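A.B. asks: I would like to see how this sequence folds:
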Amino acid sequence: MNYNQKTKSLEVSIKIFIDDIEDVLELENESKLFVCTEKEAPEVNTLLHEYTKKHFQILKENTHLNFEFIGKSCDQDYIYLFAEYKDFNPEQKYTLKNTLLTDDFHEQHNKVNYLVNGVVRSFSFTKDKTMQAF
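C.D. replies: Presented below is the predicted three-dimensional model:
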């Protein structure tokens, strides 16, 4: 996560193994899905947006902030998902909920780096530790 001082927004980039996100989307949708291949179905971007919205949430005073799903980029084994939280104020207190992949991969360990004003803070998330204040 990177706070962009010029646009006053929080830019989020999420890196996931393509195989893992395919497995998770297939389980949730009960059908074979391909991501980042020529076989990719048109609804994949919508499914990725919904999955991200459900499993990567920023809350302010117990209210979910809405983000704009920018899209995705594919790079061999990985997919990058991009989102933006507009009108973000880094001086306020927030809570990050990160359950990406943890429902289906119980040993999943998610690391989040938060960059604001040149300072990086890192957070770790697991199945048992899904929320952290920042």
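
A.B. asks: what distance do you get for Asn89 to Phe67?
C.D. replies: 15 Å (Cβ to Cβ, to the nearest Å). C-betas here are computed from N, CA, C, even on glycine.

A.B. asks: these two: who's more crowded?
C.D. replies: Ranked by neighbour count (other Cβ atoms under 10 Å), Asn89 and Phe67 place Phe67 first, with 22 against 11.

A.B. asks: what sits against that one?
C.D. replies: With contact taken as Cβ atoms under 8 Å, 6 or more residues apart in numbering, Phe67 is in contact with 12, 53, 58, 83-85.

A.B. asks: out of those, who's nearest Gly118?
C.D. replies: Within these, the smallest distance to Gly118 is 18.2 Å, found for Val12 (Cβ to Cβ).

A.B. asks: re the thing from before, so which of the contacts of Phe67 sit within strands?
C.D. replies: Among the contacts of Phe67, the members falling in strands (DSSP state E) are 12, 58, 83-85.
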